[in-house]
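Asker: Structure of the sequence below:
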Amino acid sequence: MNSILLYIIILFLLILLNCFAYKLTINLKRNRLLNQRIRVRNYRTSRIFIIYALIISSFFTTNHLWIEVSTSEEKIIFYLIVFSSFYFFYQMLVLFLFSISKTINPLIRIFQEKVRKRFLFLIIINIVFIISFLIYQSSNWVISTFGDVNIEQLIYQAKNLEGTDQTFVWDFLAGPLLTTLFAQAIFFPISLFFATIAPQNKLFRFSTNMISIVSVCLIFLSMGVQTFGYIKFINYFSDSNFIEDNYVSPSDVNIEFTANKRNLIYIFVESLEGTYTNRASGGIESTNLLEPLTVMAEAGAINFSNTENIGGALQLPGMQYTAGAIVAQTSGMPIKTAEIDANNFGTSEAYQDSEQKFLPGITALGDILKDNGYYNVFMMGSDASFGGRRSYLESHGDYEIIDLNEVKERGWLPEDYHIWWGYEDKKLFDFAKQELETITVEERPFNFTLLTADTHHPEGLLYEDTPIIEDDQFKSVVAFSAQMIADFVTWCQTQSWYDNTTIVISGDHLSMNQDYAKKLSENYTRTVFDLFINTAHESVSNEIIKNRQYSNMDIFPTVLSSLGATIEGEQLGLGVNLFSGEKTLIEKNSLEYVTGELEKRSKFYTEEISGEGIQGTSSE
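Answerer: Modelled structure (predicted):
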């Protein structure tokens, strides 16, 4: 509550400052022009009554608009935002009324004339200040909260907010938004003061107006751009043929499965990195947080790695968040939103009504498995609508989706149940066992995919019985999550269907826990952890699985190969089958080159992948 109390104190001081802003300006004008006293007693009294009215109206508005009260702190944040917003519009209204009111006082009349002439300037520069300062504050907040992100990721996530964790919403409201509103409360009297002391010359006044507005805009916008990195903005507005030149459509490739098709259990683990292993295994920890998983690698499971030790995939643009990672690992393509109007992802009415497919130009893992008789199931402990995941899974593979809403409909959880992102991974694995016992009765191959959430930043979800490691919540959560996954795999290994089942464990993206990331050396290469258990490949040479430079996109054909499928040309989308030993796009070029090219716009992606140039994209 310390930060909230500080905001309240600052707001109180701002109110006092603004109450005397006009008086200060008038007195300065008096000393300069007329050198005589004027009375402001009535003005000051009316201002106090107006402040009281703003406080009361904000209180009633807050209570009227409030829908879900989580904590008293959140309600205070919401109240301060409402009050600050009211205060801004009140300032503009007072300024307007003051400029058109009549007075017999010669000093006030001169002051009014100044305000009237610069009224439009004051409105514009305050709005420009709010927008620019908010962009700057938001840029800092995004980088400090989520780490290294690009423009397209921000656009995609902003368009798919349904089901998001409310913690981040409140962090944004209490941080960038509230800070901006307070900053504006300080900026307004300053802008008013300088506007009224400017010379009357029209040309000079116009010049200073433009210079002031442009300066305010450029200062904060440039600071925001610098926070993200200038090269990202340059790339975002550049074009590239990289995707078109390297893309291999799965629909044009012959993919053959064995007669006895293997089942697939695919576990997407939130923010699972090779970083969490100990130094001897290739990580940075003194304790191997992933020991239950690395033990499996020592016993014969396959961990593709960028080094001789435990490692994983390198992260590329369009794959730094869960939805992008799922798309990349199951289609060999990144998510790009360079053309905003052309990429109406996620929860748009067209997708909800099944009138249009999500990324209609791709053929994904779900599509291929469905066409080969597989039953696709995707289970997650959150709302599948977040990030457009529901649209993607329904469009590509017709998955049965068992998310937070579905388990409540089935009566597995109470209607008002909500922990973390929905329900915890402990329950996820229990429900998974329950569902597997049902679907394995049927005589058809299945693709059962899980998505965990306990290790989501900032610190993960800590249970009462979680063993504490090094007095660090995040490390404790990671280690406990690894143990739960290993226990689930062990359970699978006791089932009758296991011998014909491949299990893939893969992180979705690098952790966004910035406190953890700051502990890493700049020279350390972070990777997304993967593990292939009980694959169709009896033996794989160390040369094929170690010292590889690959990304999430290469996991797509590799998963199919792990099921025993043969792939013509060994490439699907932008991904290469790692089991084949063929060079990936990163190995053919470089990480820096591929990163830069994927950050750029792609006309081919817009027209052929996202759907702008595709006819007849309705789902069948």
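
Asker: so where do the strands sit in the stretch 201-350 of the chain?
Answerer: Assigned by DSSP state E, counting those that start in this stretch, the strands in the stretch 201-350 of the chain fall at 255-256, 263-269, 312-313.

Asker: quick one, which of the ones you listed is packed in tightest?
Answerer: strand 312-313 (a mean of 31; mean count of other C-beta atoms under 10 Å). Any C-beta I mention is one placed from the backbone N, CA and C, and that applies to glycine too.

Asker: So in that sheet, which strands flank that strand, and in what orientation?
Answerer: strand 528-533 (antiparallel) (DSSP bridges).

Asker: Which helix or strand lies directly C-terminal to the partner strand?
Answerer: Using DSSP states H and E, the helix or strand that follows strand 528-533 towards the C-terminus is helix 542-545.

Asker: Arrange the strands of the stretch 201-350 of the chain in CSV, one row each, with mean pLDDT and distance to Phe532 as further columns.
Answerer: Shown next, in CSV, are those (pLDDT from 0 to 100; distance: least, C-beta to C-beta, whole Å):
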stretch, mean pLDDT, distance to Phe532
strand 255-256, 96, 18
strand 263-269, 97, 11
strand 312-313, 96, 12
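
Asker: shaky segments in this protein?
Answerer: Applying pLDDT under 70 to the chain flags the ranges 1-121, 140, 142-175, 178, 182, 185, 189-237, 338-356, 611-620.

Asker: try it again with 80
Answerer: Counting by pLDDT under 80, the chain contains low-confidence residues at 1-238, 337-357, 386-388, 458, 514-515, 517-518, 522, 611-620.

Asker: ok so, going back, nearest to Gln434, out of the strands of the stretch 201-350 of the chain?
Answerer: Counting by C-beta to C-beta, Gln434 lies closest to strand 263-269 out of the strands of the stretch 201-350 of the chain; the figure is 14.3 Å.

Asker: CA atoms only for that closest one, dumped as CSV, please.
Answerer: Provided in CSV are the C-alpha atoms of strand 263-269 (Å, rounded to 0.1, in the frame of the first residue of the first chain):
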residue,chain,number,x,y,z
ASN,A,263,0.1,-41.5,-30.1
LEU,A,264,1.4,-38.1,-29.1
ILE,A,265,1.3,-36.4,-25.7
TYR,A,266,2.6,-32.9,-26.1
ILE,A,267,3.3,-30.8,-23.0
PHE,A,268,3.9,-27.1,-23.5
VAL,A,269,5.5,-25.8,-20.3
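
Asker: partners of that strand, with directions?
Answerer: Sheet partners assigned to strand 263-269 using DSSP bridges are listed as strand 446-451 (parallel), strand 501-507 (parallel).

Asker: Now the shortest one: buried residues?
Answerer: Neighbour-count burial for strand 446-451, counted by 16 or more other C-beta atoms under 10 Å, picks out 446-451.

Asker: got a list of contacts for stretch 506-513?
Answerer: 145-147, 266-273, 275, 312, 315, 319-322, 324-326, 329, 451, 455, 457-459, 474, 517, 526-531, 552, 555 (C-beta atoms under 8 Å, 6 or more residues apart in numbering).

Asker: and those residues, which are buried?
Answerer: 145-147, 266-273, 275, 312, 315, 319-322, 324-326, 329, 451, 455, 457-459, 474, 526-531, 552, 555.

Asker: hmm, back to that, want to throw the buried residues of strand 446-451 into JSON lines with distance to Ser602?
Answerer: Below are those laid out as JSON lines (distance: C-beta to C-beta, whole Å):
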{"residue": "Phe446", "distance to Ser602": "35"}
{"residue": "Asn447", "distance to Ser602": "29"}
{"residue": "Phe448", "distance to Ser602": "33"}
{"residue": "Thr449", "distance to Ser602": "28"}
{"residue": "Leu450", "distance to Ser602": "32"}
{"residue": "Leu451", "distance to Ser602": "28"}
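
Asker: one step back: turn the strands paired with strand 263-269 into a markdown table, columns for distance to Thr179.
Answerer: Listed next are these as a markdown table, based on distance: least, C-beta to C-beta, whole Å:
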| stretch | distance to Thr179 |
| --- | --- |
| strand 446-451 | 34 |
| strand 501-507 | 33 |
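
Asker: ok, now how distant is Tyr375 from Thr440?
Answerer: Look at Tyr375 and Thr440: by C-beta to C-beta, to the nearest Å, they are 10 Å apart.

Asker: Need the residues touching each of these two.
Answerer: What both Tyr375 and Thr440 touch, as defined by C-beta under 8 Å, 6+ apart, is the set Phe446.

Asker: wait, which of the strands of the stretch 201-350 of the chain is closest to Ser562?
Answerer: Between Ser562 and the strands of the stretch 201-350 of the chain, the shortest separation by C-beta to C-beta is 8.2 Å, and it involves strand 263-269.

Asker: hang on, the earlier thing: tell me which of the strands of the stretch 201-350 of the chain lies nearest to Trp421.
Answerer: Of all the strands of the stretch 201-350 of the chain, strand 263-269 comes closest under C-beta to C-beta, at 13.3 Å.

Asker: and which of the buried residues of strand 446-451 is nearest to Leu563?
Answerer: Asn447 (9.2 Å).

Asker: who does that closest one bridge with?
Answerer: Beta-bridge partners for Asn447, by DSSP bridges, are Leu264, Asn376.

Asker: contacting residues for it?
Answerer: Here Asn447 is in contact with 263-264, 266, 365-366, 369, 374-377, 397 (C-beta under 8 Å, 6+ apart).

Asker: just Val504 next, same as before
Answerer: 264-267, 530-533, 555, 559, 562.

Asker: run the last query once more with 10 Å
Answerer: The contact partners of Val504, taken as C-beta atoms under 10 Å, 6 or more residues apart in numbering, are 264-268, 302, 329, 449, 530-535, 555, 558-559, 562-563.

Asker: still on that earlier bit, among the contacts of Asn447, which one has the most neighbours?
Answerer: The most crowded member of the contacts of Asn447 is Leu365, carrying 27 neighbours; neighbours defined as other C-beta atoms under 10 Å.

Asker: now it, nearest residue through space, not along the chain?
Answerer: Nearest non-adjacent residue to Leu365, counting by C-beta to C-beta, 6 or more residues apart in numbering: Thr330, 4.0 Å away.

Asker: What's the local residue count around the spatially closest residue to Gly318 that is not a sequence neighbour?
Answerer: Of all residues not flanking Gly318 in the chain, Pro334 sits nearest, at 2.7 Å (C-beta to C-beta, 6+ apart). Neighbours of Pro334 under the rule other C-beta under 10 Å: 27.

Asker: now Pro334: how far from Lys603?
Answerer: 15 Å.

Asker: Equivalent analysis for Ser521, please.
Answerer: Going from Ser521 to Lys603 by C-beta to C-beta gives 39 Å.

Asker: Give the residue from the two that has the larger number of neighbours.
Answerer: More crowded of Ser521 and Lys603, by other C-beta under 10 Å: Lys603, with 16 against 7.
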